[in-house]
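> after the sequence you'll find the predicted model.
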Amino acid sequence: MAMRVAWFGHAGGRRADGLTAYSDQTVAALAAAGCEIRFFHHDLDGDITPVADAVPLEGVRFKTVTLPAPRTLARIERSLAEFRPDVVHCSVSVSLLDGALARVARGLGAATVATCHLPYAPAQSARGRVMRGLYLYHAARLQDYDRCIALSNDQRDLLIRAGLAPDRVEVMPNAVDTVRICPGPSVLKQSLGAALVVSFLGRLDPEKRVEELIHSFLARGWPSDHLLVIAGSGSQDRRLRALVPPEGPVRFLGMVTPLEDRLDLLRATDVFVLPSTAEGLSLALLEAMAAGCAIVATDAGEHGAVLDGAGLVIPVYPLEPALGEALGQLAADPGARRRLGDAARLRAMAQHGLDRYVADLLGVYASATGREVATAPG
């Protein structure tokens, strides 16, 4: 009998970020492995879902917090009672109902699993201190889950210090589909006519420091066929666009949701940059690795460990002059770009492939439910 999984995650269409990519790729892979999935998401994310059995929920978003509409929990209870899931899996954070979902699932006899996508920063930094408070807040809501998936040993330690029982926290680094996401030709690269493409893919919010990336790129004084391509949306969208002329060397693509379009951007990329102040383990970074990009990233979250020897890792603080020096080094050395891109691709395939991740996730489900998980052949 197929494992029934109620997945609370993030759809695409009006949203495109790591949480969306995680839900999209993981749920599709679980379905391919033989699981029966019911996918719950907020309609303000859009209507692009990884499976047909999807339940849109109403809510409003304030910055990064989603506030559920009245009677949302009652609607969820009815749908779960009808679906009869074996596992309820929450991609944290879905909304302020994250904790209540586990209690409802437990009442129905379902096992509960949460993946913790919360970012983290160096403990000695001001942002790191804020992050510790965030972990304390979420740990209280994760207490009712049978298993909590952390992205790394460091994040596991944060969750345990915040109050979670050690035997309930599983370490499973993020993964991407390294079969679909691979190097290749790019239609975008041809249309841009660029000699060099530096790219950023993600939310346009302050902690991503895209404004600093723009200033660093422009300070290089490169010729007009060297382009910075920015894909994403967020609170700083208008501000960032106002920094540069429309026909200048900085191009904005807006939100890029379909995997095929993200892949075309990554294949066009010579240097992928992620200058964040805080991260967990960025899905955009892993996608860039799988696509064979040369990468420059700050040592935020797990990025230093993941990129060790397979990318240029720069300090979170101060960002300069390290960012400008890394851009200049890679722009001047195509051989170094090829070597780092090849190393990143190999690292992604060896350590962050989606097939292995889903096999491990099915093992977590089996442990939480106490029964074997039947998978589709092949």
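Looks like it arrived, so ask away.

> look up how far L228 lies from G163.
From G163 across to L228, the span is 43 Å (C-beta to C-beta, to the nearest Å). Using the backbone N, CA and C atoms, a C-beta is placed for each residue, glycine as well.

> equivalent analysis for A305, please.
In this view, A305 and L228 are 27 Å apart by C-beta to C-beta.

> who has more neighbours out of those two?
Set side by side, A305 and L228 show more neighbours around L228, with 27 against 14, by other C-beta atoms under 10 Å.

> helices or strands up against the least confident helix or strand in the chain by mean pLDDT?
Confidence across the helices and strands of the chain bottoms out at helix 126-142, with a mean of 80, counting by mean pLDDT, DSSP states H and E. Packing contacts for helix 126-142, counted by 3 or more C-beta pairs under 8 Å, 6 or more residues apart in numbering; DSSP states H and E, involve helix 98-107, strand 111-116, helix 153-161.

> and it, C-alpha only, in PDB?
C-alpha atoms of helix 126-142 as PDB (Å, rounded to 0.1, in the frame of the first residue of the first chain):
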ATOM      1  CA  ALA A 126      24.100  40.800  15.600                       C
ATOM      2  CA  ARG A 127      22.200  38.800  13.000                       C
ATOM      3  CA  GLY A 128      23.300  35.600  14.700                       C
ATOM      4  CA  ARG A 129      21.800  36.800  18.000                       C
ATOM      5  CA  VAL A 130      18.500  37.600  16.200                       C
ATOM      6  CA  MET A 131      18.600  34.100  14.600                       C
ATOM      7  CA  ARG A 132      18.900  32.400  18.000                       C
ATOM      8  CA  GLY A 133      15.700  34.200  19.100                       C
ATOM      9  CA  LEU A 134      14.000  32.900  16.000                       C
ATOM     10  CA  TYR A 135      15.100  29.300  16.700                       C
ATOM     11  CA  LEU A 136      13.700  29.600  20.300                       C
ATOM     12  CA  TYR A 137      10.400  30.800  18.800                       C
ATOM     13  CA  HIS A 138      10.100  28.000  16.300                       C
ATOM     14  CA  ALA A 139      11.400  25.200  18.600                       C
ATOM     15  CA  ALA A 140       8.300  25.600  20.700                       C
ATOM     16  CA  ARG A 141       6.200  24.800  17.600                       C
ATOM     17  CA  LEU A 142       8.400  21.900  16.600                       C
END
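
> how far out from the middle of the chain is the helix or strand that that helix is followed by?
Heading C-terminal from helix 126-142, the first helix or strand you meet, by DSSP states H and E, is strand 147-150. Here the centre of strand 147-150 is set off from its chain's centre by 16 Å, with C-alpha atoms, centre = their mean, to the nearest Å.

> note down every partner strand of strand 147-150 and its orientation.
According to DSSP bridges, strand 147-150 forms sheet pairs with strand 111-116 (parallel), strand 169-171 (parallel).

> so which residues of the chain form helices?
18-32, 72-83, 98-107, 126-142, 153-161, 187-192, 210-219, 237-241, 259-268, 283-290, 303-307, 322-331, 334-351, 354-369 (DSSP state H).

> compute the inter-axis angle for the fifth one and strand 111-116.
Relative orientation of helix 153-161 versus strand 111-116 (axes from the mean of the first three to the mean of the last three C-alpha atoms, to 10 degrees): 120 degrees.

> which strand residues bridge A6?
Going by DSSP bridges, A6 forms beta bridges with R38, V88.

> just use 29 as the starting number from now, easier for me
Okay, residue one is now 29; in that scheme the one you just asked about reads as A34.

> for it, what are its contacts?
By C-beta atoms under 8 Å, 6 or more residues apart in numbering, the contact list for A34 reads I65, R66, F68, L108, F111, P113, V115, V116, H117, A133, A138.

> now D45
D45 makes contact with H38, G230, R231, G260, L311 under the criterion C-beta under 8 Å, 6+ apart.

> and those, which of them are buried?
Buried members of the contacts of D45, scored by 16 or more other C-beta atoms under 10 Å, are H38, G230, R231, G260, L311.

> the fourth one contacts R231, correct?
Yes - using C-beta atoms under 8 Å, G260 makes contact with R231 at a distance of 5.6 Å.

> distance check, P346 against E240.
Counting by C-beta to C-beta, the separation of P346 from E240 is 10 Å.

> between the two, point out the one with more neighbours.
Set P346 next to E240 and count neighbours by other C-beta under 10 Å: E240 wins out with 14 against 9.

> L351 is in contact with the more buried one, correct?
Yes - the pair E240 / L351 is scored as a contact, 7.2 Å apart, by C-beta under 8 Å.

> spit out the residues that contact these two alike.
Joint contacts of E240 and L351 (C-beta under 8 Å, 6+ apart) are P303.

> which residue packs closest to S261, ignoring adjacent ones?
Distance criterion C-beta to C-beta, 6 or more residues apart in numbering; nearest residue to S261, sequence neighbours excluded, is M283 at 4.3 Å.

> list the contacts of the residue lying closest to Q379 once chain neighbours are set aside.
Of all residues not flanking Q379 in the chain, P201 sits nearest, at 7.0 Å (C-beta to C-beta, 6+ apart). By C-beta under 8 Å, 6+ apart, the residues touching P201 are L179, S180, L309, E330, V334, Q379, H380.

> would you confirm that A319 contacts I209?
Yes - at 5.6 Å, A319 counts as touching I209 under the criterion of C-beta under 8 Å.

> more crowded one of these two?
Using other C-beta under 10 Å, the more surrounded residue of A319 and I209 is A319, with 27 against 24.
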